[in-house]
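Asks: sequence and computational prediction follow.
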Amino acid sequence: MVWLAVFLAVLGAFFLAIGAQRQGSAVKADTGGLALSSNGFLRLLRNPRWMLGLLFLALGMVMNAIALVSAPLTVVQPIGAIALVITTVVNAKDQGLSINRATVVAISACVTGSALFVLLAVNVTQENHHVNSDDELTIVLLLALAVGIFGTLAVMFKHRMSAFIYILGAGVLFGFVAVLTRIIGKHLLDPNGLFLLNVQWYTLVAIVAAGGLGSWFVQSAYSGGPPDLVIAGLTVIDPMVGIAIGIVILGELRPDVHAVMAIAMAAAATLAIVGVIALSRHHPEVTKRKKDAKAAASRKAQGKA
């Protein structure tokens, strides 16, 4: 069952990568690098490229959801890092960009840091087959806090938020979504035969709210950054949030873990996050946008003079 979950996670990563690239190019063409508006989102619903990307993303998420129910969170979640490499190559070819050295280093840091974090996490965690109602409620309340914080930021700084803040928020929110998806899946498969009656209403509300706001953040990040940057944020931040919840709240940490392992996990996480930050600053599409913006500002200033 674990190997089937791994296969589905890899296949899901492929679909997520292609879907992200399709949607990213559609959003960029529609917004021209400006913030995504509600009217712009409605236009995207009539864009064939965006809808094709949505189909691929949906297939990827379904496969990932099945994998999450079939294997431990710490095994499935980080496999999504494969999507980062696929998205980078596909997007560079689509946009006619050369992948610079800084981008290669940043992506290597993301993938290496994520892989090390997972390998270490697998050795220090154990699967929790039963989640009690108190732990489930704690996760939902923390998610409500996250939704409140990032939702407030989106309203107050709608036109000034950087792509990195959007992907940070999306990564955190989808990390919670992954955990709740696994919890709901376990409830549905409970041998008591109650299926949906096992699922708490507030869990369903929480996962819909987080999924909705996270999806908006992803689309907004596309308008201000390349799709591989978005995938980098999701494949790094998302699993780290999920694993942290598993360790801190769900009690998946083994009792005999040495402090050195905790330090090593922190170092691996730091390496991955630094890679995301570097990618947000040195990606060729990001630098091209900055140069174009400076050139436009310079022409505007000369026109006024």
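Replies: Nice, thanks for sending it over.
Asks: alpha carbons only for contacts and neighbour counts from here, please
Replies: OK.
Asks: which regions of the stretch 201-305 of the chain sit below the pLDDT cut-off?
Replies: The stretch 201-305 of the chain contains residues with pLDDT under 70 at 289-290, 292-293, 296-297, 301, 303-305.
Asks: residues contacting the residue nearest the centre of the chain?
Replies: Nearest to the mean C-alpha position of the chain, counting by C-alpha atoms, centre = their mean, stands L234 at 2.0 Å. Residues in contact with L234 (C-alpha atoms under 8 Å, 6 or more residues apart in numbering) are I167, L168, A170, G171, F174.
Asks: cool, and F150?
Replies: G169.
Asks: please report the distance of it from L45.
Replies: 24 Å (C-alpha to C-alpha, to the nearest Å).
Asks: check F7 too.
Replies: With the distance defined as C-alpha to C-alpha, F7 ends up 31 Å from L45.
Asks: now do the contacts for V147.
Replies: By C-alpha under 8 Å, 6+ apart, V147 lies in contact with L173, A209, A210, L213.
Asks: within the helices and strands, which one has it?
Replies: helix 133-156 (DSSP states H and E).
Asks: longest helix in the protein, by number of residues?
Replies: Ranked by residue count and defined by DSSP state H, the top helix of the chain is helix 2-31.
Asks: what comes up buried for that helix?
Replies: Using 16 or more other C-alpha atoms under 10 Å as the test for burial, helix 2-31 gives 5-28, 30-31.
Asks: likewise for stretch 204-216?
Replies: Residues of stretch 204-216 classed as buried by neighbour count (16+ other C-alpha under 10 Å): A206, I207, A209, A210, G211, L213, G214, W216.
Asks: show me the contact partners of that stretch.
Replies: 140, 143-144, 147, 151, 169-171, 173-174, 176-177, 180-181.
Asks: cool, and stretch 155-171?
Replies: Counting by C-alpha under 8 Å, 6+ apart, 35, 150, 154, 213-215, 217-218, 220-222, 224-225, 230, 233-238, 241, 277, 280 sit against stretch 155-171.
Asks: take the residues you listed and, keeping just the buried ones, write it as a PyMOL select command.
Replies: The buried residues among the contacts of stretch 155-171 can be selected in PyMOL (16+ other C-alpha under 10 Å) with this line:
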select buried, resi 35+150+154+213+214+217+218+220+221+222+224+225+230+233+234+235+236+237+238+241+277+280
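Asks: out of the contacts of stretch 155-171, which sit inside helices?
Replies: 150, 154, 213-215, 217-218, 220-222, 224, 230, 233-238, 241, 277, 280.
Asks: leaving aside the residues adjacent along the chain, what's closest to I277?
Replies: Nearest residue to I277, sequence neighbours excluded (C-alpha to C-alpha, 6 or more residues apart in numbering): F164, at 7.5 Å.
Asks: could you look up the SS state of that neighbour?
Replies: Following DSSP: H, G, I helix; E, B strand; the rest coil, we place F164 in the helix state.
Asks: tell me who's in contact with T125.
Replies: Contact partners of T125, counting by C-alpha under 8 Å, 6+ apart, are T74, I247, E252, L253, R254.
Asks: so the second one touches V257, yeah?
Replies: Think I247. No: judged on C-alpha atoms under 8 Å, I247 makes no contact with V257 at a distance of 11.6 Å.
Asks: of those two, who's got more company?
Replies: Applying other C-alpha atoms under 10 Å to I247 and V257 shows that I247 carries more neighbours, namely 19 against 12.
Asks: so how far is A262 from that one?
Replies: Counting by C-alpha to C-alpha, the separation of I247 from A262 is 11 Å.
Asks: shared neighbours of those two, anything?
Replies: Taking C-alpha under 8 Å, 6+ apart as the contact criterion, no residue touches both I247 and A262.
Asks: tell me the secondary structure at the nearest residue to V230 once chain neighbours are set aside.
Replies: The shortest distance from V230 to any non-neighbouring residue, by C-alpha to C-alpha, 6+ apart, is to I167 (5.8 Å). Of the three states, I167 takes helix according to three-state DSSP.
Asks: residues near I167, how many?
Replies: Count around I167 with other C-alpha under 10 Å applied: 28.
Asks: next: M261.
Replies: By the criterion of other C-alpha under 10 Å, M261 has 14 neighbours.
Asks: can you tell me how far it sits from A268?
Replies: Going from M261 to A268 by C-alpha to C-alpha gives 10 Å.
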